[in-house]
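J.: Based on what follows, work out the 3D shape:
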Amino acid sequence: MRVAAVDLGTNTTRLLVADVVDGRLEPVVRREAITRLGESVDRRRVLLPTSIARVRNVLVDYRREAERLGAERVLAVGTSAVRDAENGEAFLGEVEWSYGFATRLLDGPAEAELMLRGVASARPISDGTVVVDIGGGSTELVTVANGRAVETLSIAAGSVRLTERFLSEPPTQEELEACAARVRELLPDLEAEGAIGVAGTVVSAATILADGVETDADGSRLSRDSVAALVERLAALRIAERERVPGLEAARAPVIVAGLVVLREILDRYGLAGIEVSERDLLDGAALAAAELPAPEDGPVPPSAFTCC
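T.: Numbers count the residues shown, from 1 in each chain. I've put the predicted structure just below:
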């Protein structure tokens, strides 16, 4: 079955079209756009009209792509920014109505479970591993034993949220320490013998450390020392300078430092020398979940109106 999944993330809006056969996932197309849906959500608790408009423009293209490629089911999932916003559920309702996507609002544990499912679709996960997903609004931590999640935790420490709360341009050492202290305050006690990292911060770090060379980051490894050095290197730059760093997408430049601070603090807290990179994540888990949806009912094509916010 060919399906599509859309991740309505705090910082990015992503699309995966994939074939699911006997529980195996074969990606066909991946798309990503930085839309900053969660801009100011931490302070205002609503999704802003300008942020929604950015996402809406991307979803028009994603719907067209999914239809062109013959996706039979489309599932769009909302994460930290959507669940924190007072108009988040209304936004998801309008996505469903306007674009014909099935939608699902994920709480923190559900997001972590779906992320783990995506990672496990491509590799075995050893007992004692913690899988780390650093998003724009939150970070999910999943500990694994016997191939299953034994604990799923979500903390309100994401790259967008922390940037808006703590960091100026460029951040001072005092701001960086305040940011790190907040992460340390939120991180739970857990035992970890190894770690796998997913999503934009981790993949971007791997690409930057490869000097921007186009390469498959999946399965590569980031050392704790290289992450710490990268925090200092990028924090010393203004945003316009970060935008020119090979391997860093320009639109991610404003929030990458906060994301790397989260990663560094996780490695320090759990005594980890490094972290393995996985390019499969929540989006892949959502694609597997899309294959389990019931067949859509025939009916009128949803209108293109978008009126929730």
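J.: how about the worst-scoring helix or strand of the chain on mean pLDDT: buried residues?
T.: Between all helices and strands in the chain, the lowest mean by mean pLDDT, DSSP states H and E belongs to strand 148-155, at a mean of 83. By neighbour count on 16 or more other C-beta atoms under 10 Å, the buried set for strand 148-155 is 149, 152-155. Backbone N, C-alpha and C define where each C-beta goes, glycine included.
J.: Of those, which is the nearest to D211?
T.: I155 (31.8 Å; C-beta to C-beta).
J.: For V183, see how far away the closest one is.
T.: As judged by C-beta to C-beta, to the nearest Å, I155 and V183 stand 8 Å apart.
J.: tell me which residues in the lengthiest helix in the chain are buried?
T.: Secondary structure of the chain per DSSP state H: the longest helix is helix 49-68. Judged by neighbour count using 16+ other C-beta under 10 Å, the buried positions of helix 49-68 are 51-52, 54-56, 58-59, 62-63, 65-66.
J.: same check, this time on stretch 14-27
T.: Neighbour counts over stretch 14-27 (16+ other C-beta under 10 Å) mark 14-20, 25, 27 as buried.
J.: starting at the chain centroid, how far to it?
T.: 18 Å (C-alpha atoms, centre = their mean, to the nearest Å).
J.: model confidence over that stretch, on average?
T.: Taken as a whole, stretch 14-27 has an average pLDDT of 94.
J.: any idea of the mean pLDDT in the helix or strand following the least confident helix or strand of the chain?
T.: Later in the chain than strand 148-155, the nearest helix or strand by DSSP states H and E is helix 159-166. For helix 159-166, mean pLDDT rounds to 94.
J.: quick one, helices of the stretch 151-300 of the chain?
T.: Assigned helices in the stretch 151-300 of the chain, in chain order: 159-166, 173-186, 200-209, 224-235, 239-242, 256-269, 282-290 (criterion: DSSP state H, counting those that start in this stretch).
J.: still on that earlier bit, relative to helix 256-269, how tilted is the least confident helix or strand of the chain?
T.: Angle, strand 148-155 to helix 256-269, by axes from the mean of the first three to the mean of the last three C-alpha atoms, to 10 degrees: 130 degrees.
J.: so what's G194 closest to, chain neighbours aside?
T.: Leaving aside its chain neighbours, G194 sits nearest to T129 (4.8 Å; criterion: C-beta to C-beta, 6 or more residues apart in numbering).
J.: Okay, domains of this protein per the record?
T.: Listed domain ranges for the chain are 2-108+284-290, 123-279 (source: automatic domain parsing).
J.: for these, which one sits closest to R117?
T.: Using C-beta to C-beta, the domains of the chain put domain 2-108+284-290 closest to R117, at 3.8 Å.
J.: re the thing from before, for the longest helix of the chain, name the packing helices and strands.
T.: Packing partners of helix 49-68 (3 or more C-beta pairs under 8 Å, 6 or more residues apart in numbering; DSSP states H and E): strand 2-8, strand 12-21, strand 24-34, helix 88-99.
J.: ok, N146 - contacts?
T.: D127 (C-beta atoms under 8 Å, 6 or more residues apart in numbering).
J.: Use 726 as the first number from now on
T.: Yes, from this point I'll number from 726; that puts the last item at N871.
J.: so what pLDDT did it get?
T.: N871 is given a pLDDT of 79.
J.: can you check E939 too?
T.: Reported pLDDT for E939: 59.
J.: same question, the one 5 residues further on
T.: You'll see G944 listed with a pLDDT of 76.
J.: Give me the distance between it and E836.
T.: Distance, G944 to E836, using C-beta to C-beta: 23 Å.
J.: try G795
T.: From G795 to E836 the distance is 28 Å (C-beta to C-beta).
J.: What of A845?
T.: 15 Å.
J.: Those two: which is more packed in?
T.: Using other C-beta atoms under 10 Å, the more surrounded residue of A845 and E836 is E836, with 27 against 21.
J.: just checking, the more buried one touches L866?
T.: No - applying C-beta atoms under 8 Å as the test, E836 and L866 come out as separate, 11.1 Å apart.
J.: any shared contact partners between these two?
T.: With C-beta under 8 Å, 6+ apart, E836 and L866 have common neighbours S879.
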